[in-house]
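Asker: got a predicted structure here, sequence first:
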2 protein chains.
Amino acid sequence: MLETGKNPDRPVRADAKRNLDLLLQAAAKIFATSGVDAPVREIAEKAGVGIGTVYRHFPERSDLVIAVFRHEVDACADAAPVLAASHGPGEALSRWMERYMDFIATKRGLAAALHSGDPAFDGLPAYFQERLRPALQNLLDAAASAGEIRSGIEPQDLLRAVASLSAPDANGDTSQARRMVALFLDGLRYGAVGT
Amino acid sequence: MLETGKNPDRPVRADAKRNLDLLLQAAAKIFATSGVDAPVREIAEKAGVGIGTVYRHFPERSDLVIAVFRHEVDACADAAPVLAASHGPGEALSRWMERYMDFIATKRGLAAALHSGDPAFDGLPAYFQERLRPALQNLLDAAASAGEIRSGIEPQDLLRAVASLSAPDANGDTSQARRMVALFLDGLRYGAVGT
DNA sequence: TTGATAAACGGAACAATGTTCCGTATATAA
DNA sequence: TTATATACGGAACATTGTTCCGTTTATCAA
């Protein structure tokens, strides 16, 4: 019998992979611009694919939202080791917090969806913690070891605090939020072993 | 010229008033059951009126949501003087907090809508404060004057704290939340002038 | 009581959007 | 080059918000 049937180990087709990436990119941009309630058709058009292709990759609308969210969480988490390799511990921490704030700003529109009661999103907060907590933990440990900040800071507290501080963007102005976070981080430096 | 034209002072027709009440009742029940995203048709059917009638009274879906919300805020606020007249100051305060928790529980589904970015809902938080703060202030003043609780409690702090304490209803069980609030209120009693 | 009239009603029809389905096109492997 | 499983595109369907308009009815004056 000739082996021609459906092969489960067959690699993903190149066009499928490409379209998936195009979709994630397009969705990320449109979610950031128009919020997570943007029409699926709009995303398909921006990605240059048909609607059917969207639903092939993401059976439901919420699957696309989730994929974009996780993708952005991953990108944010992955930035930590990169920054740690290219900067000193204190500088790496500061820069990563900037990066994290950008992520939170993008996530604004998602917040409502996350707490909308749709069970599809139930796993997202856990993923958020799971991915970002260790990333930040490493940065904090390095900075503490170098004597640039005090030790004993809990990463999840920091994540939550900065997310809260970023919130009051009433006019869309982020400068105030950034000043608050900078001030907050200075608080970590005060009391460091080297001070 | 005979006065037969459109009379702006003409009283509201009886059926219009009745249908408006039916709609508010039906919407309140359905919002509590299925959330604020329930279809307009379902509400119209439950109220026993046509869709057109819904839109005559509430030009947009959000207007109906707002009307129900305000209606429930009013009912909760109006309960305060009634309880104050029929119970002692401490008991009136306790009972009103129970009443307030019921209101918050109903409002669960609304929370997402309120922060969804739809500008139609922008005024609701203000209305909430505006209406409930004075109602609670009176109860607090009476209880403090009677020496049953300490003075200097800010009503808005209490409103927010109790709303937060009521939130973690993971399984839909409200007993834990009620215990927490009761404990919280006992804290007010501790340190009262009569203690 | 009756007739005229403005107000209100009901629901068909339209628009926007999530989702399904299937005929067509194509990347891949032999 | 050819066969075929995979992926694609978009028409069609389902649900839901909203509009429109012909019909019904509450109200008032005679």
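Answerer: Now that the structure is in, tell me what you want to look at.

Asker: report how many residues lie close to the one residue in chain A that gets nearest to DNA strand D.
Answerer: Residue nearest to DNA strand D within chain A (Cβ to the nearest atom of the strand): A:Gly52, separated by 2.0 Å. (Glycine included, C-beta is placed from N, CA and C.) Around A:Gly52 there are 8 other residues, counting by other Cβ atoms under 10 Å in any protein chain shown.

Asker: ok, it to A:Val40 distance?
Answerer: Distance of A:Gly52 to A:Val40, given as Cβ to Cβ, to the nearest Å: 11 Å.

Asker: could you list the residues of chain A in contact with chain B?
Answerer: Residues of chain A that fall close to chain B, judged by Cβ under 8 Å from any Cβ of the partner chain: A:Gly35, A:Gly109, A:Ala111, A:Ala112, A:His115, A:Ser116, A:Gly117.

Asker: residues touching the last one, list them.
Answerer: Okay, so that is A:Gly117. With contacts defined as Cβ atoms under 8 Å, 6 or more residues apart in numbering or on different chains, A:Gly117 is in contact with B:Gly35, B:Gly109, B:Ala112.

Asker: the first one contacts B:Thr106, doesn't it?
Answerer: Think B:Gly35. No - taking contacts as Cβ atoms under 8 Å, B:Gly35 lies outside contact range of B:Thr106: 11.1 Å.

Asker: what helix or strand is A:Arg18 located in?
Answerer: Per DSSP states H and E, A:Arg18 falls inside helix A:14-34.

Asker: give me the contact status of that helix with DNA strand C.
Answerer: Yes - for a cut-off given as Cβ under 7 Å from any atom of the strand, helix A:14-34 has contacts with DNA strand C, namely A:Ala14, A:Asp15.

Asker: now do stretch A:97-116
Answerer: No - Stretch A:97-116 stays clear of DNA strand C (Cβ under 7 Å from any atom of the strand), getting no nearer than 11.6 Å.

Asker: CA atoms of that stretch as PDB?
Answerer: Extracted in PDB, the C-alpha atoms of stretch A:97-116 (Å, rounded to 0.1, in the frame of the first residue of the first chain):
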ATOM      1  CA  MET A  97       9.300  48.400  32.800                       C
ATOM      2  CA  GLU A  98       8.900  50.900  29.900                       C
ATOM      3  CA  ARG A  99       8.300  47.900  27.600                       C
ATOM      4  CA  TYR A 100       5.700  46.500  30.000                       C
ATOM      5  CA  MET A 101       3.900  49.800  30.200                       C
ATOM      6  CA  ASP A 102       3.600  49.800  26.400                       C
ATOM      7  CA  PHE A 103       2.100  46.400  26.600                       C
ATOM      8  CA  ILE A 104      -0.400  47.500  29.300                       C
ATOM      9  CA  ALA A 105      -1.400  50.500  27.100                       C
ATOM     10  CA  THR A 106      -2.100  48.200  24.200                       C
ATOM     11  CA  LYS A 107      -4.100  45.900  26.500                       C
ATOM     12  CA  ARG A 108      -6.500  48.600  27.500                       C
ATOM     13  CA  GLY A 109      -9.100  47.500  25.100                       C
ATOM     14  CA  LEU A 110      -8.700  43.900  26.200                       C
ATOM     15  CA  ALA A 111      -9.400  44.600  29.900                       C
ATOM     16  CA  ALA A 112     -13.100  44.900  29.300                       C
ATOM     17  CA  ALA A 113     -13.200  41.700  27.200                       C
ATOM     18  CA  LEU A 114     -11.200  39.800  29.800                       C
ATOM     19  CA  HIS A 115     -13.800  40.500  32.600                       C
ATOM     20  CA  SER A 116     -16.800  40.300  30.300                       C
END
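
Asker: by mean pLDDT, point me to the weakest helix or strand of chain A.
Answerer: One helix or strand of chain A scores below all others by mean pLDDT, DSSP states H and E: helix A:175-189, with a mean of 83.

Asker: ok, and for that one, which residues are buried?
Answerer: A:Ala177, A:Met180, A:Val181, A:Leu185, A:Leu188, A:Arg189 (16 or more other Cβ atoms under 10 Å in any protein chain shown).
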